[in-house]
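Visitor: sequence and predicted structure below; questions after.
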Amino acid sequence: KEGKLQEASKLLNEMLKKGYNPNVITYNTLMDGLCKEGHLNEARKLFYEMPNKNVCLNVVTFNVFIDGLCKEGKLDEARKLFYEMPNKNIRPDIVTYSTFIDGLSKEGQWQEATKVIHEMLDKGYTPDVITYTVLVDGLCKEGKLEVARKLLCEMPKHNICPSIITYNAFIDGLCKEGQLQDATVVLHEMLDKGYTPNVITYNAIIDGLCKEGQLQEATKMLHEMLDKGYTPNVITYNAFIDGLCKEGKLQQALGLLDVMVQTGHQPD
RNA sequence: CCUGACCUU
């Protein structure tokens, strides 16, 4: 989690040499780190080496690797693994389903995603807040805002509380469709229900406003954010700078770049 | 002791 994968890999080799037996958790932990640092090939090597070292793969091994593959755009390989799991006597769990459905929806494979969702429900798995969020986000990005809204509203009926991330996904969807007034309505619904928005909530709205050319409104939002004690991040500034550039306000954009640097935010 | 969801270009 500190990104020191070389050191971690060295330790694994040392363990093997000294005759300690790494277990499935050792391998899963390392594979996850490797995937997240973009060393998918190294992770794959471990995945196929585990049986030779007499370590049994478990559902987390598959979950980690399927997620890594999806995030690197290797959906075909992820799919193969997903469908192979039953042959290895490993049942996909709710994490496997959410991970794979997220991967499919991010690649626009909505047909297959729907099939997998039905399989999941047929097998009696109960979607959790993350499964719902994956779906809300995917639907929003497909422009199916009303379906997403319906799902969001149904969650409490199934005793699942939307999280801040669920709301953020929906608010972002509304903003991207230009439904900014609705986005602020949802924001206030959130506040009424006692949720605390975060920088991502504000960024989604600021970006939406900037893209609509409502820069003065966006500025107001930024100040609301600051007043409430939230710190803008590099994405906040980027969204703003992009909005200013697209409105031809290059002087202001450059000015904001200065503010950014002076407030200790590293431009990327 | 390990795994899944949200924001800019």
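Guide: It's in.
Visitor: only C-alpha atoms, please: export stretch A:85-103 in PDB.
Guide: Extracted in PDB, the C-alpha atoms of stretch A:85-103 (Å, rounded to 0.1, in the frame of the first residue of the first chain):
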ATOM      1  CA  MET A  85     -13.900 -19.900 -11.400                       C
ATOM      2  CA  PRO A  86     -16.600 -22.600 -11.000                       C
ATOM      3  CA  ASN A  87     -14.200 -25.100 -12.700                       C
ATOM      4  CA  LYS A  88     -11.700 -24.400 -10.000                       C
ATOM      5  CA  ASN A  89     -14.400 -24.900  -7.400                       C
ATOM      6  CA  ILE A  90     -14.300 -21.300  -6.400                       C
ATOM      7  CA  ARG A  91     -17.700 -19.500  -6.100                       C
ATOM      8  CA  PRO A  92     -17.700 -15.900  -7.200                       C
ATOM      9  CA  ASP A  93     -18.900 -13.700  -4.300                       C
ATOM     10  CA  ILE A  94     -20.500 -10.300  -4.200                       C
ATOM     11  CA  VAL A  95     -17.000  -8.700  -4.600                       C
ATOM     12  CA  THR A  96     -16.300 -10.800  -7.700                       C
ATOM     13  CA  TYR A  97     -19.700  -9.800  -9.200                       C
ATOM     14  CA  SER A  98     -19.300  -6.100  -8.400                       C
ATOM     15  CA  THR A  99     -15.800  -6.000  -9.700                       C
ATOM     16  CA  PHE A 100     -16.600  -7.700 -13.000                       C
ATOM     17  CA  ILE A 101     -19.800  -5.800 -13.600                       C
ATOM     18  CA  ASP A 102     -17.900  -2.600 -13.000                       C
ATOM     19  CA  GLY A 103     -15.300  -3.700 -15.500                       C
END
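Visitor: how far does that stretch sit from the chain's center?
Guide: The chain centre lies 18 Å from the centre of stretch A:85-103; the measure is CA atoms, centre = their mean, to the nearest Å.
Visitor: tell me which residues of that stretch are tucked away?
Guide: A:85, A:90, A:92-93, A:95-103 (16 or more other CB atoms under 10 Å). Just so you know, the C-beta spots here come from the backbone N, C-alpha and C atoms, and that holds for glycine as well.
Visitor: and if you look at stretch A:126-141?
Guide: Across stretch A:126-141, burial judged by 16+ other CB under 10 Å covers A:127, A:130-141.
Visitor: alpha carbons only: can I get it in CSV?
Guide: Listed next in CSV are the C-alpha coordinates belonging to stretch A:126-141 (Å, rounded to 0.1, in the frame of the first residue of the first chain):
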residue,chain,number,x,y,z
THR,A,126,-27.8,-9.7,-2.5
PRO,A,127,-26.3,-6.6,-4.1
ASP,A,128,-24.6,-4.4,-1.5
VAL,A,129,-24.0,-0.7,-1.5
ILE,A,130,-21.0,-1.0,-3.8
THR,A,131,-22.9,-3.2,-6.3
TYR,A,132,-25.6,-0.5,-6.4
THR,A,133,-23.0,2.2,-6.8
VAL,A,134,-21.4,0.5,-9.7
LEU,A,135,-24.8,0.2,-11.4
VAL,A,136,-25.8,3.8,-10.6
ASP,A,137,-22.5,5.1,-12.0
GLY,A,138,-22.6,2.9,-15.1
LEU,A,139,-26.2,3.9,-15.8
CYS,A,140,-25.3,7.6,-15.4
LYS,A,141,-22.4,7.2,-17.8
